[in-house]
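Participant: need coordinates for the following:
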Amino acid sequence: MRRAIFALVALLLLGLGLFRLGQVLLSDGKPTRKTSTSTPPIERKPPAYTPADGPKLSSRDVPGLTAIDEEYTRLVEAVMPAVVSVTTQRIQQATPQQMNPFDTIFGSRRGKQPQSEVVRALGSGVIVSREGHILTNNHVIEGMSQIEVTLSDERTFPARLLDTDPNVDIAILKVEAPALEPLPLGDSEGVKVGQLVFAIGNPFGLSETVTAGIVSAKGRRTSRDSAVEYLQTDAAVNHGNSGGPLINLRGEIVGINTAIYARNEDSGWMGISFAVPSNVARRALDSVLKSGKIKRAYLGVTLQNLTPELANRYRAGSIDGAFLSIVVKGAPADRAGMKAGDIVRKFNGRQVRDAAALRSRLTEVDIGERIELTYFRNGSEMKATAELGEAPPDPELPQPRPSP
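Facilitator: So this is what the prediction gives:
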């Protein structure tokens, strides 16, 4: 029995060996592997993609647009070196609400001092002289103890505050730096609605950002008692653009970007931007160059808008004009023969539609300048020439403290 089982096993092993030998012979001497019973992978072909042969038009087909494109680029390249980034900071003590209440109560016993934090802000500016004079906004540097300016070539310099005027939101800085390329100040009075302009600055810290638009309107005010009539534009302006230039096609500064229209503090640009006219900025700059500080021209009157009742009482004929409710004794208006109750309708030949318009005109002229006023008194048109004086400090406004 055992012999029979042994013989059977031997036959099985012999058969298995012959089977394997046959497989080797059939595969040309190469061992074969057991194939998978799964579905073989599908061979993918690259998708069809036929690119365009080239541009639909050449520059010769649209010569006008090509020329405009090249001129825009040339303009931006020419003015960009004059636009700077203004970085400011101050040290601020933590308020009791920001401090640990236990530190507030037990701080003196534990020897702890109130914590402080560094407050930083970012804005823009524009170089207006080879000596390093820079125009920016008052609100960019207000309350800050340290000011730095970064040029387009990434050089950074400490800036000195020469003076600032919160009334018109203009500040003048100075840096000591070689090889500066200033931009000229244009005539904002000659700017026309519909004119193409460019806003350049550092919105959200994105340096050397350029946006284009048109002058949407002139004579805009951000409040009823605004001292400035702003230029309105639809060039995009956002946080960080403040203090940067609004330029025309000749590369002249026609405004200093200062504000946007927003429904609330969290909303961004909504298509309406405002710029301080360049003539206002020029007057502030000239004042600093002449006297070392910004001085405002002074007529010596208290103004209010005409109401229908006042217009009827003083036989004005319409409610256009600035009503003089008070004329300060000995002031330029008084010396020119003007009296309370007079209604100013023109300032150097320009229409004055209300009190704010007359205040705005005064921001554009220099101390000592002789101006011609056309006014109505008891229904009769009269004229006077006044030599403007220097405005006294406004006790309601914080007085600027130029940095050393």
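
Participant: so what does the helix or strand hosting S216 touch, helix or strand wise?
Facilitator: Under the criterion DSSP states H and E, the helix or strand holding S216 is strand 209-220. Taking 3 or more C-beta pairs under 8 Å, 6 or more residues apart in numbering; DSSP states H and E as contact, the helices and strands that strand 209-220 lies on are strand 196-201, strand 230-233. All C-beta atoms are positioned from the backbone trio N, CA, C, and that covers glycine.

Participant: most packed of those strands?
Facilitator: For these, the stretch with the most neighbours on average is strand 230-233, a mean of 26; neighbours defined as mean count of other C-beta atoms under 10 Å.

Participant: list of residues touching the helix or strand following it?
Facilitator: Elements were assigned by DSSP H and E; along the chain past strand 230-233, the next helix or strand is strand 245-247. Counting contacts by C-beta atoms under 8 Å, 6 or more residues apart in numbering, the residues outside strand 245-247 that touch it are 75, 79, 82-83, 126, 135, 183, 186, 197-201, 231, 233, 235, 253-257, 275.

Participant: so what's the spatially most central residue of the chain up against?
Facilitator: Centroid check for the chain by C-alpha atoms, centre = their mean gives N241 as the closest residue, at 1.7 Å. Counting by C-beta under 8 Å, 6+ apart, N241 touches 123-124, 199, 201-203, 209, 257.

Participant: ok, back up a step: dump the helices and strands packed on strand 209-220 to CSV, plus mean pLDDT.
Facilitator: As requested, these are arranged in CSV below (pLDDT from 0 to 100):
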stretch, mean pLDDT
strand 196-201, 95
strand 230-233, 94
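
Participant: need these in a markdown table with distance to A316, can you?
Facilitator: A markdown table is the format used below for the helices and strands packed on strand 209-220 (distance: least, C-beta to C-beta, whole Å):
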| stretch | distance to A316 |
| --- | --- |
| strand 196-201 | 37 |
| strand 230-233 | 27 |
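
Participant: list just the one of those that sits closest to R350.
Facilitator: Proximity of the helices and strands packed on strand 209-220 to R350 was assessed by C-beta to C-beta; the nearest stretch is strand 230-233, lying at 15.8 Å.

Participant: contacts for that closest one?
Facilitator: The list of residues contacting strand 230-233 from outside it, by C-beta under 8 Å, 6+ apart, reads 188, 191, 197, 199, 213-222, 246, 254-255, 258-259, 272-277.

Participant: again, only this time at 10 Å
Facilitator: Outside of strand 230-233, the residues that reach it under the criterion C-beta atoms under 10 Å, 6 or more residues apart in numbering are 169, 188, 191, 193, 195-199, 211-222, 246, 254-259, 261, 271-278, 280, 360.

Participant: excluding its backbone neighbours, what's nearest L362?
Facilitator: In space, and not counting its chain neighbours, L362 is closest to A297: 5.1 Å by C-beta to C-beta, 6 or more residues apart in numbering.

Participant: assumed A179 was part of a strand.
Facilitator: No - counting by DSSP: H, G, I helix; E, B strand; the rest coil, A179 falls outside a strand, being coil.

Participant: is it true that it touches I127?
Facilitator: No - using C-beta atoms under 10 Å, A179 is not in contact with I127; the gap is 11.0 Å.

Participant: who touches E148 in this structure?
Facilitator: So, once contact is read as C-beta under 10 Å, 6+ apart, E148 ends up touching 84-89, 156-159, 175.

Participant: and these, which is the shakiest by pLDDT?
Facilitator: Ranked by pLDDT, these bottom out at Q89, which scores 87.

Participant: tell me how far the closest residue to N248 other than its chain neighbours lies from G205.
Facilitator: Counting by C-beta to C-beta, 6+ apart, the nearest residue to N248 once its immediate chain neighbours are dropped is V254, at 5.2 Å. Counting by C-beta to C-beta, to the nearest Å, the gap between V254 and G205 amounts to 25 Å.

Participant: what of R160?
Facilitator: 23 Å.

Participant: neighbour count: those two, which is higher?
Facilitator: Higher neighbour count among R160 and G205: R160, with 16 against 11, using other C-beta atoms under 10 Å.

Participant: next, the more buried one: phi, psi?
Facilitator: phi -110, psi 130 (degrees, to the nearest 10).

Participant: wait, it touches V175, no?
Facilitator: Yes - under the contact definition of C-beta under 10 Å, R160 touches V175, with a separation of 7.5 Å.

Participant: return every residue with contacts to both of these two.
Facilitator: Common neighbours of R160 and V175 (criterion: C-beta under 10 Å, 6+ apart): 132, 134, 147.

Participant: now, those residues that are in strands?
Facilitator: 134, 147 (DSSP state E).

Participant: report the buried members of the shared contacts of R160 and V175.
Facilitator: Neighbour counting by 16 or more other C-beta atoms under 10 Å classes 132, 134, 147 among the shared contacts of R160 and V175 as buried.
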